[in-house]
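[1] Let's see this in three dimensions:
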Amino acid sequence: MNKTHPQRNGGVAAFDSAKSFSEERDCCHPRSCTWRRVCISAMALLVLMATVGLAVALGLLLRVPVNRFCAASNNRTGFLCDDRATCVPASQVCDRVSNCRNGEDEQKELCGDVPHSLPGHLVFRCSNPAFWVYADQRCNGMNDCGDCSDEMGSSAACPPCGSEWWSCSPVLYEYCTCIPKRLCRDGVQHCHSWSDEYICRP
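    Below is the predicted model of the structure:
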């Protein structure tokens with residue numbers, strides 16, 4: 001009788017271990033493991049796609065900023081169009097005339113709150129904070145700021161008068177330190193010293 005119990009217990013133990021081995025073998029059966037991997041991969045892919053879709057929908061994906069700086073005619077600051085070839089002078093941006101093929105120089109996001117909506121390289125701030133001019137109007141010989149800070153100020157850093165200009169203290173408000181040589185010897189005083197009439201040659 002004592003011999004029967006150990007055998008029975010041994011038999012039960014053998015049966016239980018055989019059952020658990022069978023379950024373990026079924027769990028790791030190549031077909032069931034492959035199916036599990038496919039399900040996990042599909043779920044991960046769905047979650048990834050949903051995250052990307054949500055990010056796109058909310059506009060959270062970072063956009064690489066486009067560098068719009070270029071040098072227009074006479075080496076003046078300009079706005080680079082999408083074609084990466086056309087350079088629009090700064091003062092022609094947001095002038096209600098499309099100079100770029102796709103009209104990007106007149107887009108609302110660019111022109112909605114001028115000058116605050118313009119890229120910094122297109123704007124020159126006058127010494128009076130209430131005034132500004134387009135960057136290509138700096139150092140053009142004209143008093144665009146009204147106080148000559150775009151021609152004489154330290155932030156303007158303009159070179160001396162060019163070959164087409166005569167250096168003097170102008171009488172007219174529209175000029176700052178130079179007058180166009182075409183005004184020389186025209187019978188009208190443009191410089192306080194009259195040098196435009198007696199010395200300068202057009």
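[2] All the helices of the chain, residue numbers only.
    Counting by DSSP state H, the chain has helices at residues 4-27, 30-58, 108-111, 195-198.
[3] Lowest mean pLDDT across the ones you listed, which one is that?
    Lowest mean pLDDT within the helices of the chain: helix 4-27, at a mean of 47.
[4] for residue 82, what are its contacts?
    For residue 82, the contact set (CB atoms under 8 Å, 6 or more residues apart in numbering) comprises 100-102, 104. Any C-beta I mention is one placed from the backbone N, CA and C, and that applies to glycine too.
[5] can you put those residues in JSON lines and add neighbour count?
    Compiled in JSON lines, these are given as follows (neighbours: other CB atoms under 10 Å):
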{"residue": "100", "neighbour count": "18"}
{"residue": "101", "neighbour count": "12"}
{"residue": "102", "neighbour count": "11"}
{"residue": "104", "neighbour count": "21"}
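[6] With pLDDT as new columns, can the residues you listed be given to me in JSON lines?
    Formatted as JSON lines, those follow (pLDDT from 0 to 100):
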{"residue": "100", "pLDDT": "97"}
{"residue": "101", "pLDDT": "96"}
{"residue": "102", "pLDDT": "95"}
{"residue": "104", "pLDDT": "96"}
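[7] Cool, thanks, signing off.
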